[in-house]
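Asks: A structural model of the following input is requested.
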Amino acid sequence: MNKRQLIVVCVIGILIALSGCNNTHSQSDFEGKNRYWVGGFSNDKVVENFARQFKDAVIKQDRKRVASMINYPLQLMSNGKMIKNSKDFIANYDYIIDKNAYQEITNSHTSDMFSNYQGVMLGDGVAWFGGNDSEPLVKAVGNARVPD
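Replies: Modelled structure (predicted):
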C-alpha cells in the first residue's frame with residue numbers, strides 16, 4: 001500500500017469513527033418519538049393524555065373516575081395491602097390519595113415523565129402507569145398505609 005492509499009484509508013476510518021460520535025440529544029429530539037416505549041407504550045400522546053386525565057380527576061376529587069383508572073388488584077407500595085376493586089379503592093381513597101399524594105399529583109408534570117421497565121412514573125413515584133396504548137392504567141399509587 002502506498003502513502004496515498006494509506007492516507008485515504010485513514011481518512012475513511014476517521015470519518016466512520018466520527019459518524020457514530022454524535023450522541024448528544026436535546027429534549028426536543030425525543031418529542032413524539034416514543035419516549036415511553038420502555039414502559040410498554042408506543043404512543044406518547046396516549047400516556048400523557050392519560051396522566052392529565054388522572055391528575056384532573058384527583059384535583060376534582062372525582063373518586064369514581066380515579067377508581068376507574070386503576071389496574072386491580074392494586075398492591076400498595078407502603079404495606080403490601082391489596083385493594084381488590086374500585087369499591088375497595090373508594091372506601092380507602094383518603095388513605096391512598098392522602099394530603100401528600102394529592103399535593104404531589106397536583107404539582108406533577110404530565111409530559112416528559114420518567115419511564116423504565118416498570119412503567120411510566122408520575123411525579124416522584126406517587127403513581128405509576130402501565131398497560132398499553134389501548135388501555136393505560138394506574139398500576140401503583142400513593143405511599144399510603146391503609147389500615148388492615
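
Asks: now the residue sitting nearest the centre point of the chain: phi and psi?
Replies: The centre of the chain sits closest to Val120, judged by CA atoms, centre = their mean, with a distance of 1.5 Å. Val120 has phi and psi values of phi -110, psi 130 when expressed as degrees, to the nearest 10.

Asks: if you drop the residues flanking it in sequence, what lies closest to His105?
Replies: Small correction: residue 105 is Ile, not His. Sequence neighbours aside, Val58 is the residue nearest to Ile105 in space, at 4.7 Å (criterion: CB to CB, 6 or more residues apart in numbering). Quick note: C-beta positions are derived from backbone N, CA and C, even for glycine.

Asks: so where's the protein uncertain?
Replies: Under the criterion of pLDDT under 70, the regions of the chain flagged as low confidence span 1, 4-6, 8-33, 143-148.

Asks: swap in 80 and give it another go.
Replies: 1-33, 76-80, 142-148 (pLDDT under 80).

Asks: can you pull out the helices in the protein?
Replies: For the chain, applying DSSP state H gives helices covering 3-19, 44-59, 63-68, 86-91, 93-96, 99-107.

Asks: and of those, who's closest to Gly80?
Replies: helix 93-96 (13.6 Å; CB to CB).

Asks: for that closest one, what is the distance to the chain centroid?
Replies: Between the centre of helix 93-96 and the centre of its host chain there is 22 Å, according to CA atoms, centre = their mean, to the nearest Å.

Asks: mean neighbour count and distance to Leu74 for the helices of the chain - can I get that in CSV?
Replies: Putting the helices of the chain into CSV (neighbours: other CB atoms under 10 Å; distance: least, CB to CB, whole Å) gives the following:
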stretch, mean neighbour count, distance to Leu74
helix 3-19, 9, 48
helix 44-59, 18, 14
helix 63-68, 17, 10
helix 86-91, 16, 7
helix 93-96, 18, 8
helix 99-107, 15, 13
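
Asks: Gly131: neighbouring residues, count only.
Replies: When counting by other CB atoms under 10 Å, one arrives at 19 neighbours for Gly131.

Asks: that older thread, wait, what's in contact with the residue nearest to Ile105?
Replies: With contacts defined as CB atoms under 8 Å, 6 or more residues apart in numbering, the neighbours of Val58 are Val66, Ile97, Tyr102, Ile105, Thr106.
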